[in-house]
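Novice: what follows is a predicted structure for the sequence shown.
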Amino acid sequence: MDRMKREANDDQLRRIFSELRQGDQGPVPPFERAWAAAAARTGRRPSRVPWAVASACAAAVVVVALILLHRQNDLGLEAATQLAAWRSPTAALLRVPGDDVLRTVPSVGAALMRFDALQPAADTP
Amino acid sequence: MDTDALRDQLAACHEDAFAWAVHCCRRDRRDAEEVLQTVYLKILDGRARFDGRSTLRTWLFAVIRRTAADHRRRRLLRDWWHVAPREGEAIASSNPGPDRELHDSERRDALSGALAKLAERQRQVLLLVFYHGCTVEQAAAVMGVGIGSARRHYARGKERMRALLEELGWTE
């Protein structure tokens, strides 16, 4: 059923395109004329000079753009370095006692304080 | 194949080649003539060579398709640069002329309109198969796509075309 429908569709399209083809029967330029015109153009390829000039100009534009971009990048890097080097004048006020304990990671099984003093000495009777 | 033999075979295909060029140039016969002339020039100066891997007609159609695409790109670039139109171009575009009269029939206009609404590949494959009598395999070779892709465009194109014709209330 599906195949029959598909074939009917194909037949319809074939008829429609054939109608279009019949309507397209306009004048076709003679082969001899087209061939002769093409033969006359052989060896008369357009000069490559304008393309070379255009390419050189495009290359120059690209180089200038790259230089400008590079300069902008340098300025950006300098600004970033300055920003990273900046220190707040009140940074010292933020330091609290025991600051270094907070900055280190404690290891398992180790005490923060040493208790050596509480253990009896080896020569104690 | 020597030039004379090739020339004879091209002459035999010329009418079909022109019809295909017209389709590739969006029905502009003047552009089609220019494209076909460029194709012959490519053949004469060796930029397009027939290597016998397909039929001469399939190969010629493929060269026409590529040349028409180049031509269209160049035309767009030229329009973009606002270069002065070619001699007689303004007249040709403003005056419908005898070529336009070919599309006087409302039915053909409607059909052309429906075809224009299809995607480029779908239109090409339908024209190659139903108008130029190519097989889907030959259409794939002309379009420079794989056979699977051509079959997909063919099936979708037919579906879309049928829907468009139904919208138009097409009757035979």
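Specialist: Yep, that arrived.
Novice: near chain B, which residues of chain A show up?
Specialist: Within reach of chain B by Cβ under 8 Å from any Cβ of the partner chain, chain A has these residues: A:9-10, A:12-17, A:19-21, A:23-24, A:26, A:28-29, A:31, A:34-35, A:37-39, A:41-43, A:45. To be clear about C-beta, it is placed using only N, CA and C from the backbone, and glycine gets the same treatment.
Novice: who in chain B is up against chain A?
Specialist: B:7, B:10-11, B:14-15, B:18-19, B:22, B:29, B:33, B:36-41, B:43-45, B:98-99, B:102-103, B:105, B:107-108, B:111-112, B:126-127, B:130-131, B:158, B:161-162, B:165, B:170, B:172.
Novice: show me which residues of stretch B:11-18 are buried.
Specialist: In terms of neighbour count (16 or more other Cβ atoms under 10 Å in any protein chain shown), stretch B:11-18 has its buried residues at B:13, B:14, B:16, B:17, B:18.
Novice: can you tell me which of the residues of chain B next to chain A are buried?
Specialist: Among the residues of chain B next to chain A, those scoring as buried are B:7, B:10, B:14, B:18-19, B:22, B:29, B:33, B:36-41, B:43-44, B:99, B:102-103, B:108, B:111-112, B:126-127, B:130-131, B:158, B:161, B:165, B:170 (criterion: 16+ other Cβ under 10 Å).
Novice: narrow the residues you listed to those in helices?
Specialist: Assigned to helices by DSSP state H, the following of these qualify: B:7, B:10, B:14, B:18-19, B:22, B:29, B:33, B:36-41, B:43-44, B:99, B:108, B:111-112, B:126, B:158, B:161, B:165.
Novice: tell me which helix or strand of chain B sits lowest on mean pLDDT?
Specialist: None of the helices or strands of chain B scores lower by mean pLDDT, DSSP states H and E than helix B:89-94, at a mean of 41.
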